[in-house]
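*Asks:* Everything below, folded, please.
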Amino acid sequence: MVVLILEKVTPGLRGELTRWMIQPKAGVFVGRLSARVRDLLWDHVCRKTGAGAAILLYRDNTEQGFSVRTLGQTRRTMADFEGLILAKTPISE
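*Replies:* All right, here's what the predicted structure looks like:
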């Protein structure tokens, strides 16, 4: 399973992704893709995102069972903590 989360991207890019994935919530895409299609879609998102941001989560042979790719400045950042991927939320002052 592949999960792709987009922030601040054009409606056109979101529309293009609905050809391969469903969008249960605005900016959140879920689908079952081959590794080749997943990588091609990620390359497409990287080219079309502009000033927006993206997070890609997909099944992989790791301790957690998944890997993460990020692009741009997202609200939450992903941090590698001794081999575990953790989501860091900024603390508001």
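*Asks:* Which SSE is immediately downstream of the lowest-mean-pLDDT helix or strand in the chain?
*Replies:* Least confident helix or strand, the chain: strand 77-81 with a mean of 87, by mean pLDDT, DSSP states H and E. Moving toward the C-terminus from strand 77-81, the first helix or strand encountered (DSSP states H and E) is strand 84-88.
*Asks:* For that following strand, could you pull out the residues that count as buried?
*Replies:* Applying a neighbour-count criterion of 16 or more other CB atoms under 10 Å, strand 84-88 contains no buried positions. (Each C-beta comes from the backbone N, C-alpha and C, glycine too.)
*Asks:* which secondary structure elements does that strand contact?
*Replies:* Other helices and strands packing on strand 84-88, by 3 or more CB pairs under 8 Å, 6 or more residues apart in numbering; DSSP states H and E, are strand 66-71, strand 77-81.
*Asks:* mean confidence for that strand?
*Replies:* When pLDDT is averaged over strand 84-88, the result is 89.
*Asks:* That one: partners in the sheet, and parallel or antiparallel?
*Replies:* Strand 84-88 has the following strand partners under DSSP bridges: strand 77-81 (antiparallel).
*Asks:* which residues are in contact with the partner strand?
*Replies:* Ile55, Val68, Thr70, Ile85, Leu86, Ala87, Lys88 (CB atoms under 8 Å, 6 or more residues apart in numbering).
*Asks:* Relative to Thr18, tell me which of the helices and strands packed on strand 84-88 wins on proximity.
*Replies:* strand 66-71 (19.2 Å; CB to CB).
*Asks:* Can you name every helix or strand that that closest one contacts?
*Replies:* helix 35-48, strand 53-59, strand 77-81, strand 84-88.
*Asks:* Dump the second one to PDB, restricted to CA.
*Replies:* What that stands for is strand 53-59. As requested, C-alpha coordinates have been extracted for strand 53-59 and formatted as PDB (Å, rounded to 0.1, in the frame of the first residue of the first chain):
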ATOM      1  CA  ALA A  53       5.200  19.700  -0.100                       C
ATOM      2  CA  ALA A  54       4.800  16.000  -0.200                       C
ATOM      3  CA  ILE A  55       5.200  12.900   2.000                       C
ATOM      4  CA  LEU A  56       5.300   9.400   0.500                       C
ATOM      5  CA  LEU A  57       4.900   6.300   2.700                       C
ATOM      6  CA  TYR A  58       5.200   2.800   1.200                       C
ATOM      7  CA  ARG A  59       5.700  -0.800   2.300                       C
END
